[in-house]
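> here is my input; please provide its structure:
(chains A and B)
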Amino acid sequence: MQTRKINRRLNSIVRDADPVASLGNVHEQAENDFHKLLHPREWDDHLDCKDSVWTSEQKTVAHGVGRRGAVMLGAAAGAVLLCGGLLLGSDLLGNPQGDSIARGDGIASEISASATTLSDAWPDGTSSPSASKVFDSPAALGAESQLVAIGLFQGLQRGRTEAFRDTGDERVSTVMILSDVTVHKGQVSSDLESSVYVEVAWGESTSGVDPSLIQALPAGTPVLIYAREAWVGNTSTNSVNYIKDPDAGRPEGQKLWAVTAAQALAVQTENRTVTWPAMNITLDGQLTDALPNGSLIAK
Amino acid sequence: MVASQDADEGASMGAAADNFAFRTFYQSHYEKVLKYALRRAGPEDARDITSEVFIVAWRRFEVASLGGLPWLYKTAALVLANSRRSERRLRVVECRLGMSAPPSDDADHADRYVERERVRQAIRELPHSEQEIIMLTIWEDLDVKTAATVIGCSSGAAHVRLHRARRRLAKILGNIS
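Predicted coordinates for the structure are as follows:
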């Protein structure tokens, strides 16, 4: 009861401190700004204008949206090719195009994903407590990470389950499996056949991995990750939140990694572009440009 | 020829309908998105950020119209993150919440103004993720589940974050009961 009273009081004083509680009449400003939005053609010119307020990322996103029709057609064609091989309902879900993977240095793959399809399919919520932190450079992101590696996407599987005692809610992580990993920082198992398991997202769905995400990521697509060892979490059911199955998401004895931030997972996408699906940003370049000694990063 | 004219008219009517739907969407949400931007980026950039958000919404209207205000806030967060690259904007973002009081404060008693500044300062002292949940639930007036959608976490996690934020804020402010 006391807590409720304090919460109400807190809400009241915080609301009172809102710096823009009374904004005045913004109707005219809204109308002026709306005029620009009514003319998409003007905005196409605006996108190409070098001194515009648009950044390269926003141009990419906006142009990407314009291309969406063509991309969706491509995705539909891809889905027809894939549907026979999808392992829906199994523990490991992956797009079975692995035969065409050019093995070797971990990035020599001709396979790439569709940027728009991938971003649209990507689930909300990353596995990192610092997901909202934005790093200025790959070097800064690398400094915050224990593992920097490029590998070939093999599949996604259901990871750990976090439960919330008070509300009864649960959320489940999605684990990405990478093979043929080239490590640029840190250390993974010396067993060349072993894969790397990275927790890449958390979602409220407890039914498992979204099939549309599998369709968006062909097996063999090169993926760059900046990761830290996955947080262990409480396992005591007396805690406000706790992990029900701490060993889930990877084979026994394998280490579980988690992406460092939303910027920490990049995918090689079509037409020599790199996509950060959690941020819905696509830039021209190669994954290697996004390594700590490079300059490519989504912001 | 007739078929072509019909097709043109159909396309034109479709565009008009889109414009009407988008205009309604825009008018419904403009002020809220502007306030969101003002609270986080300051007056210099808030209008630009709001425009950028609605440009993306226009381009992706079928997604934006389904997502509504939470989608717009989420897009605004990405635009804001982008804006941090600029040094000038970075300064503004760093002093977010520290903006000068709006005109309505002019008539306020001095100690009320001081009290508001004290509360804003206390919010600034919270970790960023806790600032966000406080602002989204109290200033943006979202319920916890919708705030969780904007932040990109489960509603359970948002509840926990809000609980911690309130506890920490009460401790900083002291003697609020």
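> how about the strands in the chain?
As the question left the chain open, I've gone with chain A. With strands called from DSSP state E, chain A shows them at A:92-93, A:147-164, A:170-185, A:196-203, A:222-229, A:241-243, A:256-259, A:265-269, A:273-276, A:281-284.
> nope, chain B please
In chain B, no segments count as strands under DSSP E.
> shaky segments in it?
B:1-18, B:82-109, B:176-177 (pLDDT under 70).
> measure residue A:147 to residue A:196 for me?
Distance, residue A:147 to residue A:196, by C-beta to C-beta, to the nearest Å: 8 Å. C-beta: built from backbone N, CA, C; applies to glycine.
> do residue B:80 as well
Separation of residue B:80 from residue A:196 (C-beta to C-beta) stands at 33 Å.
> so what's residue B:27 up against?
With contact set as C-beta atoms under 8 Å, 6 or more residues apart in numbering or on different chains, residue B:27 has these partners: A:30, A:34.
> cool, and the one 10 residues further on?
Counting by C-beta under 8 Å, 6+ apart, residue B:37 touches B:45-47, B:49-50, B:53, B:76, B:80.
> now for the residue in chain B that chain A sits nearest to: which residues touch it?
Nearest to chain A in chain B, going by C-beta to the nearest C-beta, is residue B:156, at a distance of 3.3 Å. By C-beta under 8 Å, 6+ apart, the contact set of residue B:156 is A:162, A:164, A:166-167, A:169-171, A:241.
> and for residue A:297?
Residues in contact with residue A:297 (C-beta under 8 Å, 6+ apart) are A:135-138, A:141, A:263, A:290.
> again with residue B:145
Residue B:145 makes contacts with B:155, B:158, as judged by C-beta under 8 Å, 6+ apart.
> let me see the contact set for residue B:65.
Applying C-beta under 8 Å, 6+ apart, we find residue B:65 in contact with B:21, B:25.
> of the contacts of residue A:297, which fall within the contact range of chain B?
The subset of the contacts of residue A:297 within reach of chain B, by C-beta under 8 Å from any C-beta of the partner chain, is residue A:136.
> separate out the buried members of the contacts of residue A:297.
By neighbour count, with 16 or more other C-beta atoms under 10 Å in any protein chain shown, the contacts of residue A:297 hold A:135, A:138, A:141, A:263, A:290 as buried.
> and the closest residue to the first one other than its chain neighbours, what pLDDT?
Nearest-residue entry for residue A:135: residue A:141, 4.1 Å, with adjacent residues in sequence omitted and distances by C-beta to C-beta, 6 or more residues apart in numbering or on different chains. The predicted local confidence for residue A:141 comes out at a pLDDT of 92.
> wait, residue A:141 sits on residue A:263?
Yes - using C-beta atoms under 8 Å, residue A:141 makes contact with residue A:263 at a distance of 5.9 Å.
> and for the two, which residues touch both?
A:135, A:226, A:297.
> which residues touch the second one?
So that's residue A:226. A:141-142, A:144-145, A:147-148, A:259-261, A:263-265.
> most widely separated two among the contacts of residue A:297?
Using C-beta to C-beta, these span at most 13.4 Å, a distance reached by A:136 and A:290.
> re the thing from before, of residue B:80 and residue A:196, which one has the most company?
The neighbour comparison of residue B:80 against residue A:196 (other C-beta atoms under 10 Å in any protein chain shown) goes to residue A:196, with 25 against 22.
> skip the chain neighbours and tell me the closest residue to that one.
Using C-beta to C-beta, 6+ apart and skipping the chain neighbours, the partner closest in space to residue A:196 is residue A:178 (4.6 Å).
> just residue A:277 next, same as before
In space, and not counting its chain neighbours, residue A:277 is closest to residue A:122: 3.8 Å by C-beta to C-beta, 6+ apart.
> ok, now how distant is that neighbour from residue A:275?
9 Å.
> who has more neighbours out of the two?
A count of neighbours by other C-beta under 10 Å puts residue A:275 above the other of residue A:122 and residue A:275, at 28 against 25.
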